[in-house]
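Trainee: requesting a structural model of the entry that follows:
(2 chains)
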Amino acid sequence: MRARLLADPAALADYELLEMLLFLGIPRRDTKPLAKATINRFGSLAAVLSATPRTLHEATGLRGAGIGAIKLVEAAAARLGAAEARERPLLNRWDRLTAYLDGTPDAGPEAGQRFRMLFLDNRNRLLADEATARPAAADEAAWRREVMRRALELHATALLLIHTGGDRDAAETAVETTMRLREAGRLLAITVHDHLLRESTGWTSLRREGLL
Amino acid sequence: MSGIAGSVPAEASPVGGTRTGFADGESFRPGASVAVVPELPLAPPQVQREESCRRLLKLGGALLPDGELLALLLANAAPGRDVRPLAAALLARFGSFAAVLAAPLQELRGIPGIEIHALAAIRLTHEAALRLARSEVMRQTVLDHWDALMRYLNAALARERIEQFRILFLDAESRLLADEAQARGTVNHTPVYPREVVRRALELRATALILVHNHPSGDPTPSQADLDMTAEVRDAAALLGIVVQDHVIVGNGRWLSFRTEGLL
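Mentor: Model (predicted):
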């Protein structure tokens, strides 16, 4: 059922969601019968989720963490429904870009050479920040298509390639990948702004270095 | 890496490379500080979990900070582990508890230290929360429950990375009969077909409807295509006496109502 949850949570029945929530509180039991009985007793999943801790305890015998897992859902609904008037990061300047990159952890050198693609809109606001392993030469065309597909899906008009886990030599060979990506983007009106490399001294822009 | 073992293997994409995801920082200001996990005495994880749980049950979720709610969710999924590093990493990437809940699976998978139990707990809580938010407006009169409706639409759409359309079908008393997702948006293509919308309204015996979609850019200002599509649907529906009552565009923390703006 966990696989179904990760694939398509909306397809799960109400009682299945409750079954999994209850399982967080009573992990060694088959919680399906309890889930069905509880929903029947309260009338709906929403009624269960809204019930007071005392009522939940009286109805199910759950304690502490089990009830907490259920009440967390109510807190989650409130936060999800609230307006978060935060803006997408504006990455139109070098200092803003590096501040954003420095503020977000990445996978670290053990992960090997990785590319992070930053997808931007036409005001250079960040739409998405997604990682991908550096493609093998034979796979590169397919990788390019995938990147462009994602850019179009996001309605992105610009990309930034962020290169971690490599050194200057690796970057210089990777630059050709970037140039081919840029060429592919041209006809789609998608600009590849830059290829950034993380070095020990900080972030290096290969465009500024004249390599792009 | 923290002590959390067993990272979820990256999804192998058909490309032959691997594809994991980091966040988009939708709710993240550049330069903002990282950790929102509250400064509490360094209690052992189990004690911390019990204390946070007590606070949640006693005070209610509204009074707990995002970091504590997230740590509690993760602790329930991995009892006995110290979840604070993972909670901090998630908040740094996504910016808030709600943003973590709404984050796409591929982006969650890219967080160092994430594993399957945490992923499942996040997705489970998110889905259950959406159903709870929706239950507050289903079968209720829309105008009397407009705030609750906006909260539900915000929960469902405000953090989505791509455009999605939904249609709210109403009965003669303007009660919400159904809330149905339509095809997701693609570039230069309106996925809402007036004929399909009207057909569905007839099937549901709806006499009015509200169109809804989100703008991932965060700005709810309607495009010309939005205006044209609305007029098309309105005209098609009017032929059968079905009223398009409104078109709501959900942005990032704000929304726009065509009716209020005089666009309908």
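Trainee: can I see the domain layout of the chain?
Mentor: The chain I'm using is chain A. A:2-81, A:94-205 (automatic domain parsing).
Trainee: could you do chain B instead?
Mentor: According to automatic domain parsing, the domains of chain B span B:11-132, B:139-257.
Trainee: centre of the chain to the longest one, how far?
Mentor: Computed by CA atoms, centre = their mean, to the nearest Å, the chain-centroid distance of domain B:11-132 equals 15 Å.
Trainee: residue closest to the middle of chain B?
Mentor: Central residue of chain B (CA atoms, centre = their mean): B:Ala156, 3.7 Å from the mean position.
Trainee: then chain A?
Mentor: Note: chain A centre (CA atoms, centre = their mean) maps to A:Glu130, 7.3 Å.
Trainee: which SS class is that residue?
Mentor: Per DSSP: H, G, I helix; E, B strand; the rest coil, the secondary structure class of A:Glu130 is strand.
Trainee: got a list of what the closest residue to B:Pro194 other than its chain neighbours touches?
Mentor: Leaving aside its sequence neighbours, B:Pro194 sits nearest to B:Ala236 (CB to CB, 6 or more residues apart in numbering or on different chains; 3.6 Å). Where C-beta positions appear, they are placed from N, C-alpha and C, glycine not excepted. B:Ala236 makes contact with B:Pro194, B:Arg195, B:Val197, B:Val198, according to CB atoms under 8 Å, 6 or more residues apart in numbering or on different chains.
Trainee: repeat that with 10 Å
Mentor: For B:Ala236, the contact set (CB atoms under 10 Å, 6 or more residues apart in numbering or on different chains) comprises B:Tyr193, B:Pro194, B:Arg195, B:Glu196, B:Val197, B:Val198, B:Ile242, B:Val244.
Trainee: backbone phi and psi for the fourth one, please?
Mentor: B:Glu196 adopts backbone torsions of phi -70, psi -40, taken as degrees, to the nearest 10.
Trainee: residue of chain A nearest chain B, please.
Mentor: Closest approach between chain A and chain B, counting by CB to the nearest CB: A:Ala75, at 2.3 Å.
Trainee: would you agree that residue is in contact with B:Ala133?
Mentor: No. Counting by CB atoms under 10 Å, A:Ala75 sits too far from B:Ala133 to count as a contact (12.0 Å).
Trainee: isn't A:Asn92 up against A:Asn124?
Mentor: Yes. Here A:Asn92 reaches A:Asn124: they are 4.0 Å apart, a contact under CB under 10 Å.
Trainee: which one's more surrounded, the two?
Mentor: Applying other CB atoms under 10 Å in any protein chain shown to A:Asn92 and A:Asn124 shows that A:Asn124 carries more neighbours, namely 19 against 11.
Trainee: ok, back up a step: the contacts of B:Ala236 into TSV, with extra columns for neighbour count, pLDDT and secondary structure?
Mentor: Formatted as TSV, the contacts of B:Ala236 follow (neighbours: other CB atoms under 10 Å in any protein chain shown; pLDDT from 0 to 100; DSSP: H, G, I helix; E, B strand; the rest coil):
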residue	neighbour count	pLDDT	secondary structure
B:Tyr193	15	84	coil
B:Pro194	18	88	helix
B:Arg195	9	88	helix
B:Glu196	15	89	helix
B:Val197	24	91	helix
B:Val198	19	93	helix
B:Ile242	21	96	coil
B:Val244	25	97	strand
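Trainee: from the residues you listed, which is closest to B:Ala208?
Mentor: B:Ile242 (6.6 Å; CB to CB).
Trainee: any idea how far the residue lying closest to the closest one once chain neighbours are set aside is from B:Ser174?
Mentor: Take B:Ile242 and drop its neighbours on the chain: the residue closest to it by CB to CB, 6+ apart is B:Ala201, 5.1 Å away. Using CB to CB, to the nearest Å, we find B:Ala201 at a distance of 14 Å from B:Ser174.
Trainee: between these two, what contacts are shared?
Mentor: Common neighbours of B:Ala201 and B:Ser174 (CB under 10 Å, 6+ apart) are B:Thr207, B:Ala208, B:Val243.
Trainee: tell me which of these fall in strands.
Mentor: B:Ala208, B:Val243 (DSSP state E).
Trainee: the stretch 1-150 of chain B: helices as residue ranges?
Mentor: Here the stretch 1-150 of chain B has its helices, by DSSP state H, counting those that start in this stretch, at B:45-59, B:66-77, B:84-94, B:97-102, B:105-108, B:116-135, B:146-157.
Trainee: for the residue nearest to the centre of chain B, what are its contacts?
Mentor: Each residue near B:Ala156 by CB under 10 Å, 6+ apart is listed here: A:80-81, B:102, B:130, B:133-134, B:164, B:166, B:179, B:181, B:212, B:214, B:250.
Trainee: now the residues you listed in JSON lines, with distance to A:Gly43 and pLDDT?
Mentor: What follows is these, written out as JSON lines (distance: CB to CB, whole Å; pLDDT from 0 to 100):
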{"residue": "A:Leu80", "distance to A:Gly43": "23", "pLDDT": "95"}
{"residue": "A:Gly81", "distance to A:Gly43": "22", "pLDDT": "93"}
{"residue": "B:Ala102", "distance to A:Gly43": "28", "pLDDT": "95"}
{"residue": "B:Leu130", "distance to A:Gly43": "19", "pLDDT": "97"}
{"residue": "B:Ala133", "distance to A:Gly43": "18", "pLDDT": "97"}
{"residue": "B:Arg134", "distance to A:Gly43": "16", "pLDDT": "96"}
{"residue": "B:Gln164", "distance to A:Gly43": "30", "pLDDT": "89"}
{"residue": "B:Arg166", "distance to A:Gly43": "26", "pLDDT": "93"}
{"residue": "B:Asp179", "distance to A:Gly43": "20", "pLDDT": "95"}
{"residue": "B:Ala181", "distance to A:Gly43": "26", "pLDDT": "89"}
{"residue": "B:Val212", "distance to A:Gly43": "28", "pLDDT": "96"}
{"residue": "B:Asn214", "distance to A:Gly43": "31", "pLDDT": "91"}
{"residue": "B:Val250", "distance to A:Gly43": "30", "pLDDT": "94"}
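Trainee: just put those in CSV and tack on neighbour count and distance to A:Arg2.
Mentor: CSV is the format used below for the contacts of B:Ala156 (neighbours: other CB atoms under 10 Å in any protein chain shown; distance: CB to CB, whole Å):
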residue, neighbour count, distance to A:Arg2
A:Leu80, 27, 22
A:Gly81, 23, 26
B:Ala102, 26, 19
B:Leu130, 22, 18
B:Ala133, 24, 23
B:Arg134, 20, 23
B:Gln164, 19, 25
B:Arg166, 18, 27
B:Asp179, 18, 26
B:Ala181, 13, 23
B:Val212, 24, 31
B:Asn214, 27, 28
B:Val250, 26, 30
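Trainee: going by distance to A:Thr55, which of those residues wins?
Mentor: The closest of the contacts of B:Ala156, once distances to A:Thr55 are taken by CB to CB, is B:Ala133, at 20.6 Å.
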